[in-house]
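Undergrad: Structure for the following, please:
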Amino acid sequence: MGRHNKKTDSHIRRNSVIALTGLVPIGLITAANTAGATPKVPFLSTSSSSEVADVAEQAPAAVPEAAESITPVAETAAEAAPAAQEAAAPPALAPVQATPPLPTSIAQGALGIPAINVSAYQNAERMLAVEQPNCHMYWTLIAGIGRVESTHAYDGKADDKGNMLEPVLGPVLDGSLGGNNVIRDTDGGKLDGDPNYDRAVGPTQFLPETWNHYAGDGNGDGVADPQNLFDSALTTGKYLCDGGLDVRDPIQAAKAVHRYNNSAAYVANVLAWSAGYSSGIIPAAADLPRIH
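TA: Now for the predicted structure:
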C-alpha cells in the first residue's frame, strides 16, 4: 500500500548513510537478539557517570550490615530444620525464560508474529550465522521487514512448510499507480505472472530481478521460491547483509534497511518493530511515521 513505490528495479536507489543517522528518532536500535540471549535496547539513561560511581562506592559498605542482619535469621532456620524436613519438598520451579514466548498470531497476542513466521526468521538467522558470520544478522531485523511489508504474510497464511496459501504480489509497476516507478518485465513473468511489467513478489516483497540475484533456499528443498516464508526470510537477510555490512552496528543496520526501501519513514518503522520484538514492547502507532 504505497511502500512499493519507493523501490527501484533492484532496490538499489541508495542515499547517503549520513542522512540515516537522523532517521530513527525513537532511540530504537536493533540490537542483536540471538537465541537464548536477553535482548538489549539502548534507551537513554538520565544517570551521570559520577552518580553511578557514587552508587558503586556505597555498595561494598552495605554488605557487612546486610550480613549481620541475616545471621539471626539463619540461626532460626537451622533450629527449625527438623520440622521442615518432615514436610514434603516443594516442586522444582520451572526455569525463567529470558523473554516471554511469542504469541502464535495477531489475534492471540500483542506482538503478533505467527509461529511459522518466527520459525522462518530464526532459521534465516541460523543459516546466515554460518554463511555470513560477520554480518551478525538477527531474526528480529528480518521480522521488522516482514511486519512492514506484509504483516507477516497476512498473519501467517501459509502451510506448515511455509508455502503461501495465496501468492503475495505487489502492484503492477506500469505507472498507473501514482508515485510508482515504471519497471518493465525482467523475468518473463515467471515470478510475478506479468510478462510486460514487474511487480514485487513474496511476503518480503522483492522485485524479480533482485530476487534472482539474492535468492536463497531457506528450507533446503532445492528451490528458492519467493512465496515460501523460509526462502523469503533467508533472501531478505542476504540482501540486508550485502556489501559486507555488520548489522550489529545500528548505523549499518539503518543503511541496510534504507537500501531495502529508499524511505526514511520505512526505515523508522522497520527498526521500531525490530526493537519491539527484541524488547517485548510494541511501538505505539503514534510513534510510527506514515510510509508514503
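
Undergrad: by contact count, what packs against the stretch of helix or strand residue 265 belongs to?
TA: Using DSSP states H and E, residue 265 sits within helix 264-279. Counting contacts by 3 or more C-beta pairs under 8 Å, 6 or more residues apart in numbering; DSSP states H and E, helix 264-279 packs against helix 17-20, helix 139-156, helix 250-260. In this view, the C-beta of every residue, glycine as well, is placed from N, C-alpha and C.

Undergrad: Kindly calculate the angle that the last one makes with helix 139-156.
TA: Computed by axes from the mean of the first three to the mean of the last three C-alpha atoms, to 10 degrees, the angle separating helix 250-260 from helix 139-156 equals 40 degrees.

Undergrad: Check which helices and strands helix 250-260 sits against.
TA: Counting by 3+ C-beta pairs under 8 Å, 6+ apart, helix 250-260 packs on helix 17-20, helix 139-156, helix 229-241, helix 264-279.

Undergrad: can those go into a markdown table with extra columns for mean pLDDT and distance to residue 129?
TA: Output for those, formatted as a markdown table (pLDDT from 0 to 100; distance: least, C-beta to C-beta, whole Å):
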| stretch | mean pLDDT | distance to residue 129 |
| --- | --- | --- |
| helix 17-20 | 34 | 25 |
| helix 139-156 | 96 | 10 |
| helix 229-241 | 98 | 10 |
| helix 264-279 | 95 | 17 |
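
Undergrad: Among those, which comes closest to residue 249?
TA: helix 17-20 (10.8 Å; C-beta to C-beta).

Undergrad: Can I get the helices and strands packed on helix 264-279 in a markdown table including distance to residue 283 and mean neighbour count?
TA: Converted to a markdown table, those look like this (distance: least, C-beta to C-beta, whole Å; neighbours: other C-beta atoms under 10 Å):
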| stretch | distance to residue 283 | mean neighbour count |
| --- | --- | --- |
| helix 17-20 | 18 | 14 |
| helix 139-156 | 10 | 25 |
| helix 250-260 | 15 | 23 |
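
Undergrad: and residue 223, how many neighbours does it have?
TA: By other C-beta atoms under 10 Å, 10 other residues sit near residue 223.

Undergrad: Residue 191 now?
TA: As a burial measure, residue 191 scores 25 neighbours (other C-beta under 10 Å).

Undergrad: Let me see the contact set for it.
TA: 201, 208, 211, 212, 226 (C-beta atoms under 8 Å, 6 or more residues apart in numbering).

Undergrad: Dump those to TSV, plus neighbour count.
TA: Formatted as TSV, the contacts of residue 191 follow (neighbours: other C-beta atoms under 10 Å):
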residue	neighbour count
201	25
208	24
211	28
212	16
226	25
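
Undergrad: ok, back up a step: in a markdown table, list the helices and strands packed on helix 250-260 along with distance to residue 189.
TA: Shown next, in a markdown table, are the helices and strands packed on helix 250-260 (distance: least, C-beta to C-beta, whole Å):
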| stretch | distance to residue 189 |
| --- | --- |
| helix 17-20 | 35 |
| helix 139-156 | 21 |
| helix 229-241 | 19 |
| helix 264-279 | 27 |
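
Undergrad: Right, I'll leave it there.
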